[in-house]
Each structure stands twice: as structure tokens, then as C-alpha cells.
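> Return a 3D structure for these sequence lines:
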Amino acid sequence: GHGSPLRIQVERGMRSKERGRLLRELTWRGWPRELLLKLRFNPIATLVAAKLKKRKRTEYSMTSAGVQAAVRGCISMPTGVGSESSAVRVGFLMPKTTSSLLPKPPASASKAVVSPARRLKRLTEFQGIRRLSLQQYRSRVKHLYDGPAGAMLALASMVSLHEPLVGRMLRTKKFDVSQFRDILDVGSGAGQILGHLLKMAHSDASLTAFDLSHQMLRRARIRMRSERPKYIVGDLTHLPFADGSFDCVTCGWVIEHLPDPRPGLRELARVLRPGGSLLLLATEDTLSGSLTSRTWKCRTYSRLELRLACEESGLPWHSQLWFTPLHRVLKMGGILVEAKKPIDAR
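Next up is the predicted model:
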């Protein structure tokens, strides 16, 4: 019975400027991106928490079932009732208590959010992935890669140096593919990674090329001029393979085509054997990354966001990789990591 009055007070009392400040604070504290997007457009159910604690299957524990009931009708988020020791303190934010409930972020964090470079990145980054339904966006991506843009992908990968730099990274064994016998290349595209796998993987290794676009796989087959790989069309969030089918998965610039990376990452973890390795390459949330996002109609990730998503999905990072020392110094080239499925994982 107390839910409605609280929500009315928050709705009337919380101005957009104050709500924006709250969102910046929650972003600084590491709240999930999808939850913040819902908060941005739903001032009725603005929540405050000391910190969300990760639990199995990404459930979030609350201090009382009453708060759950009040929230459930306004925001769709995973819930689970835990013990008071592990519960998250959750409540409705009242305008007069904003300063007391949440500490002010460091000045550097606030400046980073409103910096000109940040604003420019937001203007240039593709926003359609957050506005379209998953099915609409999936169809749009498939149409993009089936069409002329997909036909130019191989050339674009050469001009941007992504393809030769991946080859250099594999040749220098920063990620040693010669030790694996069953390799899955997700998002094979025009064969940017697949071509290097054909040269550097063990001669007895089984190679599987997987992509959403049938047309892209056709282009890859023509370009590779090899019958060694198996070419399979499908969706990353529903991989058509049995559990533990591969000891290595490469996934280059694909995960950014998912609004939420965790369903795709969980599928990659499922098809990996315990102790198996994932080579993950993704577009970072930099200015150059936002331009890539606009071109290829995808989103970007921060390193922290992607790392947490991998850990929640059972793929903790083993090491961060860089194309060259210059890329490391200038923080260029996107996010390149090797993740491993724990040996004791089921």
C-alpha cells in the first residue's frame, strides 16, 4: 500500500537535471547499462543502491520482498531473495536525500562524462541497437552484411590494418592457435581471422566458420579457396553445437552486435570445453570506436563492462592483448582479450 505514494512523490519531485546527476553517479558505481537505460526513461521507479553484488546467474538480491513487489511493475530486472548479509540495500530516492544517500563521484569522473570528446562520441555512435527490437536489429544487421557493405568488408579490414595485425598477433603466438584441435570462428565474415587459422592452426585441427549472414560465408568460402573449414549459418545467441564441442573459439568484432553481450558469451562458454580459450575482439568505447559503430551499425564496450559480462558468463579474462606496443601506449585497436573457461566449470 505504500508503493503508490512513494512513486508519485518521486515522479513529481525529481527533476530531469537531478535524475541526470543520479544516472551519472550510478554509471560511475558500475550499474548495468541496460538497467540505467530503463531508469533514464522511467523516473517513476528510480532506485538507489550501495552497490549491486553479482550472484550466480546474474541475480540481484534485495533486502525485502516488499521492495521487489514495488519495483517489479516498473522495471524488468532479474531478482532473487538472499540473506541479509549478502543483500543489496535498495530504496526509492527522494529528491532531498540525493546527497546523503550517494557519495559524490570524484571530480575527474564527472568531467569525463561531460567532456567534449565524450559528447562527440555519443553523437557519432550508432544508437539504433538500443531503439530497435532485437528481431528488427538482427534483420538490419543481416541485411547490411548481405549487401554492398558486406562485400567491402574484406577491403575495409585490410585498409584498417585489422586483418594483417591479427595475423601478426597469431604469428608471434600472443594467442597460440597451434595447440588447439577443434576451433570455432564465430562471425567469420569475409574470413579475416579464418584465413590466418588455416595457415597457423595444426594440420589436424578441425575448423568451423560460423556467421549470421549466408552471403558472408559464401564470400569467405570463395576467398579462402579451401574445403577444410565447415561453414555454418546461425545466431550467436543460439549456437547449433553440443556442449564442450571446441577447445578454442575466436570471436572477432561480433559481440558488439548484441545489445546485451551475456547471452552470446554464455553460449560461447557452453560450447567451450573446460580449460578452453576464447579470443575475443570487440569495439571499444573510444572516439574511433564510435565511428566504427556508426559504419557497421553496432554498439561499443568499455573494458570494465565487457570484463564483468565475461566473468558473469563463466569466461574470466586470462590476459589483455595489444596489436603492437604503440597500440598499448595510445590505447588503440579496440579490446583484445584471451578468456579461459575454468577447468572445474561444468
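> number of nearby residues for S319?
Using other C-beta atoms under 10 Å, S319 has 11 neighbouring residues. All C-beta spots, glycine's among them, are computed from the backbone N, C-alpha and C.
> Other residues contacting the helix or strand in which it is found?
Taking DSSP states H and E as the criterion, the element that holds S319 is strand 317-321. Contacting residues not belonging to strand 317-321 are listed as 169, 174-175, 277, 303, 307, 310-311, 335-340 [C-beta atoms under 8 Å, 6 or more residues apart in numbering].
> One more pass at 7 Å, please.
169, 174-175, 307, 310, 336-340 (C-beta atoms under 7 Å, 6 or more residues apart in numbering).
> Return the set of buried residues in it.
317, 321 (16 or more other C-beta atoms under 10 Å).
> swap in stretch 143-152?
Within stretch 143-152, judged by 16+ other C-beta under 10 Å, the buried ones are 144-146, 150.
> Tell me the one of the contacts of strand 317-321 nearest Y231?
F175 (22.7 Å; C-beta to C-beta).
> and the closest one, what does it touch?
F175 touches 169, 279, 321, 338, counting by C-beta under 7 Å, 6+ apart.
> Rebuild those residues as TSV, extending it with pLDDT and distance to F126.
As requested, the contacts of F175 are exported to TSV (pLDDT from 0 to 100; distance: C-beta to C-beta, whole Å):
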residue	pLDDT	distance to F126
M169	95	27
L279	98	25
L321	96	25
E338	97	27
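> quick one: low-confidence ranges for the stretch 101-250 of the chain?
Counting by pLDDT under 70, the stretch 101-250 of the chain contains low-confidence ranges at 101-115, 117-122.
> Could you find the closest non-adjacent residue to G314?
A269 (4.2 Å; C-beta to C-beta, 6 or more residues apart in numbering).
> tell me which strands and helices the helix or strand where that neighbour lies is in contact with?
Using DSSP H and E, A269 sits in helix 262-271. Here helix 262-271 touches strand 246-252, helix 303-312, going by 3 or more C-beta pairs under 7 Å, 6 or more residues apart in numbering; DSSP states H and E.
> repeat that for 10 Å
Contacts defined by 3 or more C-beta pairs under 10 Å, 6 or more residues apart in numbering; DSSP states H and E place helix 262-271 against strand 182-186, strand 246-252, strand 272-282, helix 303-312, strand 335-340.
> okay if I get those as TSV plus distance to P263 and mean neighbour count?
Shown next, in TSV, are the helices and strands packed on helix 262-271 (distance: least, C-beta to C-beta, whole Å; neighbours: other C-beta atoms under 10 Å):
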stretch	distance to P263	mean neighbour count
strand 182-186	13	25
strand 246-252	13	24
strand 272-282	15	21
helix 303-312	10	18
strand 335-340	16	21
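> mind putting those in a markdown table, distance to L258 included?
Listed next are the helices and strands packed on helix 262-271 as a markdown table, based on distance: least, C-beta to C-beta, whole Å:
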| stretch | distance to L258 |
| --- | --- |
| strand 182-186 | 12 |
| strand 246-252 | 11 |
| strand 272-282 | 10 |
| helix 303-312 | 10 |
| strand 335-340 | 14 |
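> list the contacts for R223?
R223 is in contact with 154, 190-192, 194-195, counting by C-beta atoms under 10 Å, 6 or more residues apart in numbering.
> The same query, at a cut-off of 6 Å, please.
Listed by C-beta atoms under 6 Å, 6 or more residues apart in numbering, the contact set of R223 reads G191.
> C-terminal to whatever helix or strand it lives in, what's the next element?
Per DSSP H and E: R223 is located in helix 214-224. With elements assigned by DSSP H and E, the helix or strand that comes after helix 214-224 is strand 230-233.
> OK, contacts around the closest residue to L258 other than its chain neighbours?
Leaving aside its chain neighbours, L258 sits nearest to G264 (4.9 Å; criterion: C-beta to C-beta, 6+ apart). Neighbour list for G264: 236-237, 255, 258 [criterion: C-beta under 6 Å, 6+ apart].
> could you redo the last one with a cut-off of 10 Å?
Contacts for G264 were tallied using C-beta under 10 Å, 6+ apart; they are 186-187, 235-239, 251, 254-255, 257-258, 309, 313.
> Give me the neighbour count for R171.
Neighbours of R171 using other C-beta under 10 Å come to 11.
> could you check the distance from the nearest residue to it once chain neighbours are set aside over to R219?
Nearest non-adjacent residue to R171, counting by C-beta to C-beta, 6+ apart: M200, 6.8 Å away. Here M200 is placed at a distance of 21 Å from R219 (C-beta to C-beta, to the nearest Å).
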